[in-house]
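Student: sequence first, then the predicted structure, then my questions.
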Amino acid sequence: MMSDLALMELQIAALFCHDAAGRILTTNEPDPTRAPRLFVGRTSAGNLWRFREDLPSDLVRELEALLAREPVATDLRQPLVSFAALHEALSAHAPVVSTWQGPAWRFPDAIARPPDVIAIRPPERELVREHYPFLASQLEHLQPCLAVVRDGTAVSVCFSSRNTVAAAEAGVDTVEAFRGRGYATAVTAVWALAVRESGRIPLYSTDWDNLASQRVARRLGLVLYGADCSII
């Protein structure tokens with residue numbers, strides 16, 4: 001089984017585009033946005049971090065010194081010990097626009113395959129156009145994509161929000177009127193199986209405030225391997 005630290009390496013590679021020096025540039029998406037100024041991925045085996053390519057070298061040295069002293073987490077649900085100091089250092093350089101923190105999970109070895117979930121490939125893009133027009137326009141880049149379809153339209157989807165040759169990150173959504181029926185759990189399970197069938201590792205992450213997403217993780221028996229922190 002892959003170590004938690006190796007999984008975090010895979011997740012970082014899936015989340016961001018990097019330059020030759022290992023700095024992060026943009027999100028790894030069909031329509032990318034600028035990367036956070038600092039990303040920290042923590043596991044019980046150690047911490048990893050990435051700096052955006054435009055941070056000055058003196059600020060990077062200051063941040064690295066703080067992160068080098070960050071203890072290895074015994075409870076990934078707790079925030080970074082150095083969070084306030086990191087926030088202050090970045091604020092001195094430029095105002096902090098937002099922060100994001102959340103859990104990261106791996107899938108268990110055994111995943112049950114629920115019925116009534118279908119693959120949505122580019123020829124089937126019309127099935128997602130009503131509720132998920134962004135999927136219809138970017139479907140080639142977000143494979144695999146799985147859905148529950150009702151009355152000829154997808155009402156719950158799980159797709160690869162970030163793709164690399166080694167891993168894929170799940171993106172999940174259910175139309176509000178169809179929530180509470182287990183559809184998100186079903187599409188995510190079949191998505192994970194499809195990613196594995198492609199020879200890659202499925203990953204699932206969210207933020208600590210997204211309780212619905214965390215419920216899906218619990219129902220699937222996902223295993224917490226890390227915690228993410230982004231400061232923009």
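Tutor: Received the coordinates, thanks.
Student: contact partners for residue 168?
Tutor: Shown in contact with residue 168 (C-beta atoms under 8 Å, 6 or more residues apart in numbering): 14, 144, 160, 162, 195, 198, 200, 201, 202, 203. C-beta: built from backbone N, CA, C; applies to glycine.
Student: need the three-state assignment for the fourth one.
Tutor: By that I understand residue 162. In three-state terms, and counting by DSSP: H, G, I helix; E, B strand; the rest coil, residue 162 is strand.
Student: who's in contact with it?
Tutor: If a contact means C-beta under 8 Å, 6+ apart, then residue 162 has 14, 15, 27, 28, 29, 168, 169 as its contacts.
Student: okay if I get these as a markdown table plus distance to residue 8 and secondary structure?
Tutor: As requested, the contacts of residue 162 are exported to a markdown table (distance: C-beta to C-beta, whole Å; DSSP: H, G, I helix; E, B strand; the rest coil):
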| residue | distance to residue 8 | secondary structure |
| --- | --- | --- |
| 14 | 11 | helix |
| 15 | 10 | helix |
| 27 | 17 | strand |
| 28 | 15 | coil |
| 29 | 19 | coil |
| 168 | 15 | strand |
| 169 | 12 | strand |
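Student: report the two of those separated the most.
Tutor: Using C-beta to C-beta, the contacts of residue 162 span at most 14.3 Å, a distance reached by 27 and 168.
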